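# coords please:
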Amino acid sequence: QVQLVESGGGLVQAGGSLRLSCAASGRTFSSYAMGWFRQAPGKEREFVTAINWSGGNTYYADSVKGRFTISRDNAKNTVYLQMNSLKPEDTGVYYCAQGRGPSYTGGDFGRYGYWGQGTQVTVSS
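All right, here's what the predicted structure looks like:
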């Protein structure tokens with residue numbers, strides 16, 4: 001049974017930084033791509049970024065490019081999201097997701113088979 005547990009969310013002022021973590025268990029972590037999504041109040045869930053199985057390929061939504069960095073540590077079964085220069089519009093619940101395969105780094109929800117419970121990120125102005 002796959003479990004994904006996010007942590008690291010919180011309240012931060014605009015311009016600040018946060019680092020989210022997502023610890024995975026239940027199957028071979030290094031065999032699957034991982035992604036981060038977010039959902040702002042009253043809005044649909046949206047893609048943020050994803051990373052392939054090795055960490056050698058990443059993809060970012062335009063809204064976070066240059067500010068957010070995704071990485072993974074396969075030895076620790078953990079994927080990270082470093083968020084810098086945070087803006088109030090980055091506020092939302094952040095979810096990590098595990099891909100159905102090793103390579104997909106896009107934003108199609110259907111290509112991700114497992115989801116975490118989410119962690120709240122609030123950026124104050």
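
# state the distance from residue 52 to residue 105.
6 Å (CB to CB, to the nearest Å). To be clear about C-beta, it is placed using only N, CA and C from the backbone, and glycine gets the same treatment.

# any shared contact partners between these two?
Counting by CB atoms under 8 Å, 6 or more residues apart in numbering, the contacts common to residue 52 and residue 105 are 33, 58.

# does the residue positioned nearest the centre of the chain have beta-bridge partners, and which?
By CA atoms, centre = their mean, the chain has its centre lying nearest to residue 36, at 2.3 Å. For residue 36, the beta-bridge partners under DSSP bridges are residue 49, residue 96.

# I'd say it and residue 20 touch.
Yes - judged on CB atoms under 8 Å, residue 36 makes contact with residue 20 at a distance of 7.3 Å.

# can you list residues touching both of the two?
The contact lists of residue 36 and residue 20 share 81, 94, 96, where a contact means CB under 8 Å, 6+ apart.

# who wins for most neighbours among the residues you listed?
residue 96 (30 neighbours; other CB atoms under 10 Å).

# against residue 15, how distant is that one?
Distance, residue 96 to residue 15, using CB to CB: 24 Å.
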